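Participant: Could you look at this predicted model? Sequence included:
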Amino acid sequence: MSILVTGGLGYIGSHTVNALIEAGYSVVVADNLSNSKAQVLDVLQQITNKNIPFYQIDVTDEQAVNDLFEKHPIEGVMHFAGYKAVGESVLQPLKYYQNNVLSTITLANACKQFQVKKFVFSSSATVYGDNEVPFKETMSLLPTTNPYGETKAMGERILKDWVNSDSSFAVSLLRYFNPIGAHPSGLLGESPNGIPNNLMPYVTQVAKGKLKELQVFGNDYPTSDGTGVRDYIHVMDLAEGHVAALQHVTPGVHIYNLGTGAGTSVFEIIQTFERVNAIKIPYKIVNRRPGDLAFYYADATKAKDELGWYAKRTLEDMCRDAWHFEKSLNLIQIK
């Protein structure tokens, strides 16, 4: 029996594939390569010393998904595949609803048809909208500030309604915050296509000289230094959280925040990166991005109490590992 990981060659998905295999699971990967690279499969197979079945399919394609379920005995699904850029979702909302919502429905239908009982959903802290921080799983979901967040909230509601119709299915909804960092080998990390939408790959590309300077989106937020505060979590901790959720999932719907429980500003990220890696990051202040909040960070107590999981790695680890990966990119030929 295998775990199907959709979006398994993307940033978070690939690290979770590695963590699953380390935990003894067999894995099948599906990815349409829209924001990932085929070479990541080679890297994963090198790191894990395993042959990983891979399907280049779009998981909104019902026939392609059903064909995959026919070929492999699937024990559970981890669903990462989806568009994830907040700013882009404001500009292209239909693209986000089409892909993110339909993929969740298609996979749930396949699980129902093939009686695959375990489903771990990659959700987001954006579903909390403009709630008070720290965010807790018991909070009512407010209207989110962007279409990306709405697609995640819709995905959660769809999966809850599905389980309400058949309580034999076991679903874990993982609301996580801002993953950064990379695999300690330097072989696996965040390498987005085009100009990065996320902070850390933008920082590392500036450090490497690929980009001239970092854009800081707003310095007039009501925070300690005026820049946005987020709960940054090492991607390896996040991957291990997904494995813990799979291992502990029972029939019904279970919701967990995966974060450190602490907020870090953009300027604090820059300063830590500079200190740990002894390199200067030039930046300029630009306008806020639509849909961004001043603060968000987790109350991660429930995951620790019920899953035995908590974030172990430090902000220094995140900055060091992210730079190690960026410096290794030319060596592993992922471009």
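Facilitator: Great, that's in hand. Note that the structure is predicted; figures quoted are calculated from it, not measured. Residues are numbered from 1 along each chain as shown.

Participant: When you work out contacts or count neighbours from here on, use the C-alpha atoms and nothing else.
Facilitator: Fine.

Participant: Show me where the stretch 201-335 of the chain has its helices.
Facilitator: Remark: helices assigned in the stretch 201-335 of the chain by DSSP state H, counting those that start in this stretch are 235-248, 266-277, 301-307, 315-332.

Participant: of all those, which lies closest to residue 205?
Facilitator: Of all these, helix 315-332 sits nearest to residue 205, with 7.3 Å by C-alpha to C-alpha.

Participant: helices or strands up against the closest one?
Facilitator: strand 178-180, helix 199-208, strand 232-234, helix 266-277 (3 or more C-alpha pairs under 8 Å, 6 or more residues apart in numbering; DSSP states H and E).

Participant: what comes up buried for it?
Facilitator: Within helix 315-332, the residues that qualify as buried are 315-329, counting by 16 or more other C-alpha atoms under 10 Å.

Participant: Minimum distance to residue 292: which of the helices of the stretch 201-335 of the chain has it?
Facilitator: Judging these by C-alpha to C-alpha, what sits closest to residue 292 is helix 266-277, at 12.9 Å.

Participant: got the CA positions of that closest one in PDB?
Facilitator: Output in PDB follows, covering the C-alpha atoms of helix 266-277 (Å, rounded to 0.1, in the frame of the first residue of the first chain):
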ATOM      1  CA  VAL A 266      10.500  40.500   7.500                       C
ATOM      2  CA  PHE A 267      13.300  42.700   8.900                       C
ATOM      3  CA  GLU A 268      14.100  40.000  11.500                       C
ATOM      4  CA  ILE A 269      14.400  37.400   8.700                       C
ATOM      5  CA  ILE A 270      16.800  39.700   6.800                       C
ATOM      6  CA  GLN A 271      18.900  40.400   9.900                       C
ATOM      7  CA  THR A 272      19.100  36.700  10.900                       C
ATOM      8  CA  PHE A 273      20.000  35.600   7.300                       C
ATOM      9  CA  GLU A 274      22.700  38.200   7.200                       C
ATOM     10  CA  ARG A 275      24.100  37.200  10.600                       C
ATOM     11  CA  VAL A 276      24.000  33.500  10.100                       C
ATOM     12  CA  ASN A 277      25.400  33.500   6.500                       C
END
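
Participant: and it with helix 315-332, angle?
Facilitator: Angle of helix 266-277 versus helix 315-332, following axes from the mean of the first three to the mean of the last three C-alpha atoms, to 10 degrees, is 70 degrees.

Participant: chain center to helix 266-277: distance?
Facilitator: In terms of C-alpha atoms, centre = their mean, to the nearest Å, the centre of helix 266-277 is found 22 Å from the chain centre.

Participant: quick one, strands of the protein?
Facilitator: 2-6, 26-30, 54-55, 74-79, 118-124, 170-176, 178-180, 214-217, 229-230, 232-234, 252-258, 264-265, 283-286, 295-296 (DSSP state E).

Participant: Rebuild those strands as JSON lines, extending it with distance to residue 246, mean pLDDT and mean neighbour count.
Facilitator: Below are the strands of the chain laid out as JSON lines (distance: least, C-alpha to C-alpha, whole Å; pLDDT from 0 to 100; neighbours: other C-alpha atoms under 10 Å):
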{"stretch": "strand 2-6", "distance to residue 246": "10", "mean pLDDT": "98", "mean neighbour count": "23"}
{"stretch": "strand 26-30", "distance to residue 246": "13", "mean pLDDT": "98", "mean neighbour count": "22"}
{"stretch": "strand 54-55", "distance to residue 246": "21", "mean pLDDT": "98", "mean neighbour count": "17"}
{"stretch": "strand 74-79", "distance to residue 246": "8", "mean pLDDT": "98", "mean neighbour count": "22"}
{"stretch": "strand 118-124", "distance to residue 246": "7", "mean pLDDT": "97", "mean neighbour count": "23"}
{"stretch": "strand 170-176", "distance to residue 246": "8", "mean pLDDT": "97", "mean neighbour count": "25"}
{"stretch": "strand 178-180", "distance to residue 246": "19", "mean pLDDT": "95", "mean neighbour count": "24"}
{"stretch": "strand 214-217", "distance to residue 246": "36", "mean pLDDT": "96", "mean neighbour count": "18"}
{"stretch": "strand 229-230", "distance to residue 246": "26", "mean pLDDT": "96", "mean neighbour count": "22"}
{"stretch": "strand 232-234", "distance to residue 246": "19", "mean pLDDT": "98", "mean neighbour count": "26"}
{"stretch": "strand 252-258", "distance to residue 246": "11", "mean pLDDT": "98", "mean neighbour count": "22"}
{"stretch": "strand 264-265", "distance to residue 246": "29", "mean pLDDT": "98", "mean neighbour count": "18"}
{"stretch": "strand 283-286", "distance to residue 246": "40", "mean pLDDT": "98", "mean neighbour count": "12"}
{"stretch": "strand 295-296", "distance to residue 246": "25", "mean pLDDT": "88", "mean neighbour count": "24"}
